[in-house]
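# Sequence plus the predicted model coming up.
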Amino acid sequence: MYIGKGIIINIKSRNFFLLVFILSSIFLLISCKPRVSLNGASMPAEAKTISVGFFTNNTTLGAPSLSQRFTEKLRDMVSQQTPLALIKQNGDLQFEGYISDYNVAPVAIQSTDQASSNRMTITVQVKYTNKFENAKSFEQAFTRFKDFASSESVSAREADLVQEIYRQLTEDIFNKAFNNW
């Protein structure tokens, strides 16, 4: 093989292709931006901390405990699903917001003008800040609901319904922040 200004190098083609492959592999590894991934979650490798602010209850109907329960559910989700240290405020990745709607309404009306089922709906307004990748930051409302029989009282079913809705909401929020869904 001839390489510029009269220098001749004899390299067996197999060794040459091996050298090119190794150099290409090294280049690809160096050029890739590292990511931390756990359960499919993707976050900047530079991120070491995460904070989940207290989500206030801005609804008129919801129980006062809604705020505490939602905040703890989201904190549990991020601490279990990410390797980041959970801190009180100013994390590298931050969640904050409030519960904006809590509603129970009939959804299936029978012929006798009576509801056969009711629907509990909860909406949470979330602001997510990613200090390293601003394009992944967002402000968005997340809404989920759960239906239950009208023969059941709201107070008897509320704890179970809220728990299921919060599970769905925290999964939606987590997936939006870390899986870009």
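Perfect, I can see it now.

# Do you have the strands of this structure handy? List them.
Here the chain has its strands, by DSSP state E, at 2-3, 7-8, 35-38, 41-44, 49-52, 56-57, 85-87, 93-109, 115-130, 138-149.

# Lowest average pLDDT across these?
Among those, strand 35-38 carries the lowest mean pLDDT, a mean of 41.

# Longest helix in the chain, please.
Using DSSP state H to define each element, the chain has its longest helix at helix 154-178.

# ok now that helix, how far from the chain's centre?
The gap between where helix 154-178 is centred and where its chain is centred comes out at 13 Å by CA atoms, centre = their mean, to the nearest Å.

# Same check on stretch 153-166?
The chain centroid and the centroid of stretch 153-166 are separated by 23 Å under CA atoms, centre = their mean.

# What of stretch 130-148?
Relative to the centre of its chain, stretch 130-148 is centred 7 Å away, using CA atoms, centre = their mean.

# tell me the domain ranges of the protein?
Listed by automatic domain parsing, the domain ranges of the chain are 2-31, 36-178.

# and these as a markdown table, adding mean neighbour count?
No exception for glycine: its C-beta is placed from N, CA and C like everyone else's. Shown next, in a markdown table, are the domains of the chain (neighbours: other CB atoms under 10 Å):
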| stretch | mean neighbour count |
| --- | --- |
| domain 2-31 | 9 |
| domain 36-178 | 16 |
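
# State the pLDDT value of Lys33.
Reported pLDDT for Lys33: 45.

# repeat for Gly62
Looking at Gly62, the pLDDT reads 83.

# what sits against the closest residue to it other than its chain neighbours?
On the basis of CB to CB, 6 or more residues apart in numbering, the spatially nearest residue to Gly62 that is not a chain neighbour turns out to be Tyr102, at 3.5 Å. Listed by CB atoms under 8 Å, 6 or more residues apart in numbering, the contact set of Tyr102 reads Asn57, Thr59, Leu61, Gly62, Leu66, Met120, Thr121, Ile122, Thr123.
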